[in-house]
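1. Quick one, what's the 3D model for this:
(one chain, ligands or ions: 1)
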Amino acid sequence: MNQYIERVLNATKAKNANEPEFLQTVEEVLTSLEPVINAHPEYEKAALLERMVEPERVIEFRVTWEDDNHEWHVNRGYRVQYNGTLGPYKGGLRFHPSVNLSIMKFLGFEQIFKDSLTTLPIGGAKGGSDFDPRGKSDAEVMRFCQAFMSELYRHIGPDIDVPAGDIGVGAREVGYLYGQYRRIRGAFENGVITGKGFAFGGSLMRPEATGFGAAYYANEVLKHEHDSFEGKTVAISGFGNVAWGLCQKVAQLGGKVVTLSGPDGYIYDPDGINTQEKYDYLLEMRASGRDRVQDYADKFDCEFHAKEKPWGCKVDIIMPSATQNDVTMEWAEKIVANGIKYYIEVANMPTTNEALMYMLGQKNMIVAPSKAVNAGGVAGSALEMAQNSERLFWTAEEVDEKLHRIMVNIHDASVKAAEQYGLGYNLVAGANIAGFQRVAEAMMAQGIF
Ligand code: GLU
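-> Just a heads-up that it's a prediction; the model follows:
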């Protein structure tokens, strides 16, 4: 390995020994930058990698809120403003009990490269809380969001840092968060957060953007292989906003999503999740706050496999769309044994590094990385910011057309970046290199600090 990369990796490991998810993503990204670092000795002189792995700023704060029984709870809130070289910090907020500094830093680090890949003017950030939205009443969620924003507001702004949703944060939470920001600031600065309701500046197609974008990207991969979605079956995990958009676009492109999963297990629907009734039911399941996918099997009378993952299913395409480290080595071996050609990550870092490397090493397999595949979400957000600053709305067709173009570009830029360094059709390295190049160039130009 390149000695500079090795040195930075070792130092990062020593400094952040109890942040496994963060170290996982740093290792994945830095190792694939080897040919670029070899070609640019000036980066070492400018301590570029050392600066890149260290967040510009980490904000950690107390969030105190009252439940419906008048009991008080204290959660921890975070905002990691990782890299602002390309634009205002941009990235979602995650409300989930698993949230800790390691998860926030891994997501923030990924976001730098993802946001760069969109070619839009946005820096990388992530935030959230260990608050568990499961089983909370609407009033409790509102009070939590208000308490969260009462601290966060001083760190964000339309030209400073623009949060959005992620796991556990959807349109409802974004509405409450924005309402509190507006109340405290005394100004209608709706460019401060994205994923808003359409009535107060949300973008048409933003709810669909992550899922549609992932399907557009997968479609480019299939095209590259002189193939298409026509007649293909797709196994996905999760049943949230991303899955909802993905099921629809895959169906429109001629494919069929046949699985969904939740913390309780997975469902297998051989007819496909491809009717309006089924799409609407996904939204209902989410809104119920039960976090159970078995409800789908009960409603549409299909198989439910308790406490299992869908990765042993014999399908044409696998698209993990739930959360990090969903696909471990054990699953990767099953996927390879089943002869599945297309492994397209959708959720952030859904694959362990070991499993990812193993699948990348298979001759007949194509692996696509989440930071490229799911970039449609944040791209949709950047398009929302553009509309907010111009104080106008684009039609759904206009947004969709831009989103489609961005996803095609991300695929093509990744292909080009990998080819430039003689790596062949390697979408994982290509995305890291293409994302890195833009940030590196801007960091070099802006001086060392
Ligand atoms: N949470 C999404 C992501 O991981 C979207 C972020 C955004 O829209 O700012 O990219």
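2. hey, what's the closest residue to the ligand within the stretch 1-150 of the chain bridged with?
-> Closest contact between the stretch 1-150 of the chain and the ligand, by CB to the nearest ligand atom, is at residue 92 (2.6 Å). The C-beta positions use only the backbone N, C-alpha and C, and glycine is treated the same way. On the basis of DSSP bridges, residue 92 is bridged to residue 164.
3. Please work out how many residues are found near it.
-> 25 (other CB atoms under 10 Å).
4. State whether residue 125 is indeed within a helix.
-> No - if the criterion is DSSP: H, G, I helix; E, B strand; the rest coil, then residue 125 is strand and not within a helix.
5. Once you drop chain neighbours, what's closest to it?
-> residue 89 (3.5 Å; CB to CB, 6 or more residues apart in numbering).
6. what phi and what psi does the backbone show at that neighbour?
-> phi -50, psi 140 (degrees, to the nearest 10).
7. How much space separates it from residue 56?
-> Going from residue 89 to residue 56 by CB to CB, to the nearest Å gives 8 Å.
8. Between the two, which contacts overlap?
-> Shared contacts of residue 89 and residue 56, defined by CB atoms under 8 Å, 6 or more residues apart in numbering, comprise 81-83.
9. what sits against residue 90?
-> 111, 115, 122-125, 161-162, 164, 378, 381-382, 385.
10. can I assume it sits in a strand?
-> Yes - looking at residue 90 with three-state DSSP, it is inside a strand.
11. What residue, apart from its backbone neighbours, is nearest it spatially?
-> residue 122 (3.8 Å).
12. In this structure the one you found contacts residue 85, no?
-> No - if you go by CB atoms under 8 Å, residue 122 and residue 85 don't touch, sitting 10.4 Å apart.
13. In this structure the residue of the stretch 1-150 of the chain closest to the ligand contacts residue 164, no?
-> Yes - here residue 92 reaches residue 164: they are 4.7 Å apart, a contact under CB under 8 Å.
14. which residues are common contacts for these two?
-> Jointly contacting residue 92 and residue 164 under the rule CB under 8 Å, 6+ apart are 377-378.
15. continuing past the helix or strand that contains residue 356, what's the next helix or strand?
-> Secondary structure assignment for residue 356, by DSSP states H and E: helix 353-360. Downstream of helix 353-360, the next assigned helix or strand under DSSP H and E is strand 366-368.
16. If you count contacts, what does the next helix or strand after that next one end up packed against?
-> Using DSSP H and E, the next helix or strand after strand 366-368 towards the C-terminus is helix 370-373. Helix 370-373 sits against helix 101-117, helix 206-224, helix 396-420, helix 427-445, with contacts defined as 3 or more CB pairs under 8 Å, 6 or more residues apart in numbering; DSSP states H and E.
17. JSON lines for those helices, including mean neighbour count?
-> Listed next are these as JSON lines, based on neighbours: other CB atoms under 10 Å:
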{"stretch": "helix 101-117", "mean neighbour count": "26"}
{"stretch": "helix 206-224", "mean neighbour count": "25"}
{"stretch": "helix 396-420", "mean neighbour count": "19"}
{"stretch": "helix 427-445", "mean neighbour count": "22"}
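18. contact partners of stretch 97-107?
-> Outside stretch 97-107, the residues that reach it (CB under 8 Å, 6+ apart) are 16, 18-22, 24-25, 55, 58, 60, 76, 78, 80, 82, 91-92, 94, 126-132, 166, 323-324, 348-349.
19. Send me it as PDB with only the CA atoms.
-> C-alpha atoms of stretch 97-107 as PDB (Å, rounded to 0.1, in the frame of the first residue of the first chain):
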ATOM      1  CA  PRO A  97     -31.200   4.400  19.200                       C
ATOM      2  CA  SER A  98     -28.000   3.100  17.500                       C
ATOM      3  CA  VAL A  99     -26.700   6.700  16.900                       C
ATOM      4  CA  ASN A 100     -23.400   7.500  18.400                       C
ATOM      5  CA  LEU A 101     -20.300   9.500  17.400                       C
ATOM      6  CA  SER A 102     -18.900   6.700  15.400                       C
ATOM      7  CA  ILE A 103     -22.000   6.300  13.300                       C
ATOM      8  CA  MET A 104     -22.300  10.100  12.900                       C
ATOM      9  CA  LYS A 105     -18.700  10.400  11.700                       C
ATOM     10  CA  PHE A 106     -18.900   7.500   9.300                       C
ATOM     11  CA  LEU A 107     -22.100   9.000   7.700                       C
END
